[in-house]
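J.: A predicted structure for the sequence below; I have some questions about it.
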Amino acid sequence: MCDLSERCDAAIESRSQEKIDLCIEEIQLLAESNKGSLAKAQLSYYLGNLFNAKSDLSNERTHLMNGPRPVNLMKALEHRRKSFNLSREKEDVLHELCQVNLSNSYFSMCRYVESLELLDGYSFENNESKYVGLCRQIFLLDQIEPMLDDDGHAEQFAMRRLDLFNRMYDERKEIQHPGVLRYISAEENVKYNEKLTFFFKDTKRIEALSEKPSYSPDEMSYREWCLENRLFLNPLNIISDLWIADRDILQFPSYMVELNEGPYLAASFSSIKREYCFARFLCYDGLFGHHPGYEENWLFFTNTGDEPSYGGDIEKLKVACRLAYSVCDKLLTLLVFYVSGEKKKVYFRPREIKKIMKNQQAHPALEALFWLSSEFGTDEKYDTGFLSELYSFRNDLEHNYVRVCEGGSSPWDSSSDYARTVTREELIDFTFLSLSTARSALFYLTFFVKSQEEQVEKSGYYLPNPVPYV
């Protein structure tokens, strides 16, 4: 593996597509014959780097709108995600490298929320992973901070960036990565950080502001679970799981309306937000809640012989998965109306977001929504396919017959069994995936609207009018 690693690095440094292709071909043959998960993780790690290098050579991201299918960019993400998941078995140097690389792939697609949450709070042992990861966090905080609608949140992102830079500067003698060392030692970066240090010298960090609230035991457990799983619609929950982030404070940013026009776009966002939050609670209740037995009494369910589950907890998880998934379609409908005033039914698809991008200035939040939607495997040209199973599963929940069972094969002939069967754990995984995807999409929507309305405010044609809250 050591010799292979060196050949991969040499091919990437050569910037020769022919040499990179030869390495890819060799590694793909090795991957076909190798069954060990850790070996496959290592090989996928190499492939992710090689496809990423090919993407850079062909400048795929720059030609996103009118160029050919960005196959290398998507293959890099696919292999980096695979190497990250396979290397979980043994969380060592390889897993740390895979984690940083996956974050880098998300960053290249402007998916800053997922990229930052992959790195935030992790303590890396490997020198390169540690400092490349810290440097990446600084870049991500820089990108997200100006798109936040709350000045207090933007301040906390800026201070987190400041603290990470100061930490790296203090430890600069330990940094081995030449690119990171150049960045942290650059005079303009050092001076900028000195200004930030002076500006924030009396400002409290979130650690000092966060106090454990006095909720009931049930509410405490629920909110703690949301914090730990990064499920609150709160930018502070992107960078922290402290109690200060236990509110769903994300709102549709202030926006320009005609005189006497009501706050209906903000109300639409509130409705979508409510559905997400209810889906999240149903997921929690399905996992940990006590479902009343009387609701299940005298229902006379059919036993298919494979230990089917008809419990209320299962139904809550199913509904949570469907409801969270529908958030993405609804927020795109809101986005289309916001940019065009056109009321129409749309689906969370790359081609729909591309239509919006053609009539707007380039914006990272729109690109993030584009790449997030491509994960559902509904557009052949831009199919990364990671969420295609979720897409298929949600359709089965909505239109087909899904059976949750734990007992393996049924003892009977199954020729008339058209059900999609999943285990409870698989159902839980789909539900979490649906929730996290919807949450990211909601963040990106508000990031885009905030940036657009800033341009309106700068034009001078702006009369503030507060949105009334229930």
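T.: Cool, the structure landed.
J.: can you pull the buried residues of the helix or strand hosting residue 315?
T.: In the assignment (DSSP states H and E), residue 315 maps to helix 312-340. Buried residues in helix 312-340, counting neighbours by 16 or more other Cβ atoms under 10 Å, are found at 312-339. In short, each C-beta sits where N, CA and C put it, glycine included.
J.: Return the distance of it from the chain's centre.
T.: Relative to its chain's centre, helix 312-340 lies at 16 Å (Cα atoms, centre = their mean, to the nearest Å).
J.: any idea of the mean pLDDT for that helix?
T.: Per-residue pLDDT over helix 312-340 has a mean of 95.
J.: and that helix, what does it pack onto?
T.: helix 264-288, helix 350-358, helix 364-374, helix 388-399, helix 424-459 (3 or more Cβ pairs under 8 Å, 6 or more residues apart in numbering; DSSP states H and E).
J.: Tell me which of the ones you listed sits most buried.
T.: The highest mean neighbour count among these, using mean count of other Cβ atoms under 10 Å, belongs to helix 364-374: a mean of 25.
J.: With only the CA atoms kept, save it in PDB.
T.: C-alpha atoms of helix 364-374 as PDB (Å, rounded to 0.1, in the frame of the first residue of the first chain):
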ATOM      1  CA  PRO A 364     -22.800  29.400  -3.000                       C
ATOM      2  CA  ALA A 365     -26.100  28.700  -1.200                       C
ATOM      3  CA  LEU A 366     -27.800  28.100  -4.600                       C
ATOM      4  CA  GLU A 367     -24.900  25.800  -5.600                       C
ATOM      5  CA  ALA A 368     -25.200  24.000  -2.300                       C
ATOM      6  CA  LEU A 369     -28.900  23.400  -3.000                       C
ATOM      7  CA  PHE A 370     -28.100  22.200  -6.500                       C
ATOM      8  CA  TRP A 371     -25.600  19.600  -5.300                       C
ATOM      9  CA  LEU A 372     -27.800  18.600  -2.400                       C
ATOM     10  CA  SER A 373     -30.600  17.900  -4.800                       C
ATOM     11  CA  SER A 374     -28.300  15.900  -7.100                       C
END
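J.: Residue 132 and residue 6: what is the separation?
T.: Here the criterion is Cβ to Cβ, to the nearest Å. By it, residue 132 lies 19 Å from residue 6.
J.: Next: residue 367.
T.: Distance, residue 367 to residue 6, by Cβ to Cβ: 35 Å.
J.: follow-up on the earlier one: just send the helices and strands packed on helix 312-340 back as CSV, with distance to residue 212 and mean pLDDT too.
T.: Output for the helices and strands packed on helix 312-340, formatted as CSV (distance: least, Cβ to Cβ, whole Å; pLDDT from 0 to 100):
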stretch, distance to residue 212, mean pLDDT
helix 264-288, 19, 97
helix 350-358, 41, 88
helix 364-374, 33, 92
helix 388-399, 35, 89
helix 424-459, 24, 92
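J.: Could I get the ones you listed in CSV, plus columns for distance to residue 257?
T.: Below are the helices and strands packed on helix 312-340 laid out as CSV (distance: least, Cβ to Cβ, whole Å):
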stretch, distance to residue 257
helix 264-288, 8
helix 350-358, 20
helix 364-374, 21
helix 388-399, 34
helix 424-459, 11
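J.: So, low pLDDT: which residues of the stretch 151-300 of the chain?
T.: Judged by pLDDT under 70, the stretch 151-300 of the chain has no weakly predicted residues.
J.: Please enumerate the helices of it.
T.: Ranges of helices within the stretch 151-300 of the chain are 151-170, 178-185, 187-199, 206-209, 217-228, 236-239, 264-288, based on DSSP state H, counting those that start in this stretch.
J.: Pull out the buried residues from the fourth one.
T.: Translated: helix 206-209. For helix 206-209, the neighbour count (16+ other Cβ under 10 Å) marks residue 206 as buried.
J.: got it, and the first one?
T.: Using 16+ other Cβ under 10 Å as the burial criterion, the residues of helix 151-170 that qualify are 153-165, 168.
J.: okay, the angle between it and helix 187-199?
T.: 130 degrees (axes from the mean of the first three to the mean of the last three Cα atoms, to 10 degrees).
J.: Now do helix 151-170 against helix 178-185, angle only.
T.: Relative orientation of helix 151-170 and helix 178-185, computed by the same axes, to 10 degrees: 110 degrees.
J.: ok so, going back, just name the closest of the buried residues of helix 151-170 to residue 344, please.
T.: residue 153 (33.0 Å; Cβ to Cβ).
J.: I figured the closest one hits residue 235, correct?
T.: Yes. If you go by Cβ atoms under 8 Å, residue 153 and residue 235 touch, sitting 4.7 Å apart.
J.: Now do the contacts for residue 238.
T.: Contacts for residue 238 (Cβ atoms under 8 Å, 6 or more residues apart in numbering) come out as 113, 116, 117, 120, 144, 230, 443.
J.: hang on, I meant residue 336
T.: By Cβ under 8 Å, 6+ apart, the contact set of residue 336 is 342, 344, 346, 352, 356.
J.: got a markdown table for the residues you listed, with distance to residue 274 too?
T.: Formatted as a markdown table, these follow (distance: Cβ to Cβ, whole Å):
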| residue | distance to residue 274 |
| --- | --- |
| 342 | 24 |
| 344 | 23 |
| 346 | 21 |
| 352 | 23 |
| 356 | 24 |
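J.: between the residues you listed, which is closest to residue 195?
T.: residue 356 (37.0 Å).
J.: so how far is residue 46 from residue 3?
T.: 12 Å.
J.: In terms of neighbours, single out the busier of the two.
T.: Shown here are residue 3 and residue 46; by other Cβ atoms under 10 Å, residue 46 has more neighbours (25 against 7).
J.: secondary structure element for that one?
T.: Following DSSP H and E, the helix or strand that holds residue 46 is helix 37-58.
J.: Give me the helices and strands touching that helix, please.
T.: helix 2-14, helix 17-33, helix 71-86, helix 93-108.
J.: now the third one against helix 37-58, angle please.
T.: Yep, that's helix 71-86 we're talking about. Going by the same axes, to 10 degrees, helix 71-86 makes 160 degrees with helix 37-58.
J.: how distant is helix 71-86 from the center of its chain?
T.: The answer for helix 71-86 is 15 Å, by Cα atoms, centre = their mean.
J.: coming back round to it: out of the helices of the stretch 151-300 of the chain, nearest to residue 400?
T.: helix 264-288 (20.0 Å).
J.: The most centrally placed residue in the chain - nearest residue in space that isn't next to it in sequence?
T.: Central residue of the chain (Cα atoms, centre = their mean): residue 114, 3.4 Å from the mean position. Residue nearest to residue 114 in three dimensions, not counting chain neighbours: residue 106, with 4.7 Å by Cβ to Cβ, 6 or more residues apart in numbering.
J.: residues near that neighbour, how many?
T.: Residues near residue 106, counting by other Cβ under 10 Å: 27.
J.: Also residue 203?
T.: The burial count for residue 203: 14, using other Cβ under 10 Å.
J.: now residue 291
T.: By other Cβ under 10 Å, 15 other residues sit near residue 291.
J.: now do residue 74
T.: 23.
J.: any idea how far it lies from residue 20?
T.: 16 Å.
J.: and what of residue 454?
T.: For residue 454, the distance to residue 20 equals 41 Å [Cβ to Cβ].
J.: what does residue 92 give?
T.: 27 Å.
J.: If you count surrounding residues, which of the two has more?
T.: The residue with more neighbours, out of residue 92 and residue 20, is residue 20; 21 against 12, by other Cβ under 10 Å.
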